[in-house]
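Chemist: Predicted model and sequence below, questions to follow.
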Amino acid sequence: QVQLQESGPVLVQPSQTLSLTCTVSGGSITTGYYYWSWIRQPPGKGRQWIGTIAYSGTDYYSPDLISRTSISRDTSRNQYTLQLSSVTPEDTAVYYCARAPITIAALDRLEDYDSWGQGTQVTVSS
């Protein structure tokens with residue numbers, strides 16, 4: 001059974017870069033034909049897809065966030081990392097890492113993700 005765990009700072013200052021890491025256990029991020037994504041949920045709002053790195057290493061981003069987002073991976077540690085630059089208080093949210101099968105119709109179809117981390121609250125504030 002695959003498990004995902006988010007880690008990173010809980011408080012980020014405005015204009016800085018938010019960096020979160022997802023550590024995956026019970027399965028490799030480079031095999032098995034899966035997409036590995038970052039998703040967030042701002043307070044009082046629905047979940048929002050941020051971006052994805054595929055098992056092949058190809059990355060995909062939400063058009064709304066593409067100018068500020070980068071997702072990379074460390075295959076030796078079976079981890080992938082989100083970097084979101086120039087953050088504002090509107091980036092305050094619970095951030096999740098999650099896995100979707102290669103058969104998913106669209107990466108923002110969150111109901112089709114099959115494994116989720118527990119989520120981590122990140123607050124942007126000075």
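Modeler: Here it is on my side, so go on.
Chemist: Now for residue 86: which residues touch it?
Modeler: For residue 86, the contact set (C-beta atoms under 8 Å, 6 or more residues apart in numbering) comprises 15, 17, 68. In short, each C-beta sits where N, CA and C put it, glycine included.
Chemist: Filter those residues down to the buried ones and hand me the PyMOL line.
Modeler: Entered in PyMOL, the line below selects the buried ones among the contacts of residue 86, by 16 or more other C-beta atoms under 10 Å:
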select buried, resi 68
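Chemist: I'd like the contacts of residue 86 laid out as CSV, including pLDDT, secondary structure and distance to residue 102.
Modeler: Output for the contacts of residue 86, formatted as CSV (pLDDT from 0 to 100; DSSP: H, G, I helix; E, B strand; the rest coil; distance: C-beta to C-beta, whole Å):
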residue, pLDDT, secondary structure, distance to residue 102
15, 97, coil, 37
17, 98, coil, 30
68, 97, helix, 27
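Chemist: can you list the contacts of residue 86 in CSV and add distance to residue 120?
Modeler: Converted to CSV, the contacts of residue 86 look like this (distance: C-beta to C-beta, whole Å):
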residue, distance to residue 120
15, 21
17, 16
68, 19
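Chemist: out of the contacts of residue 86, which one sits closest to residue 40?
Modeler: Within the contacts of residue 86, distances to residue 40 taken as C-beta to C-beta reach their minimum at residue 68, with 12.6 Å.
Chemist: any idea how far residue 59 is from the closest one?
Modeler: 14 Å (C-beta to C-beta, to the nearest Å).
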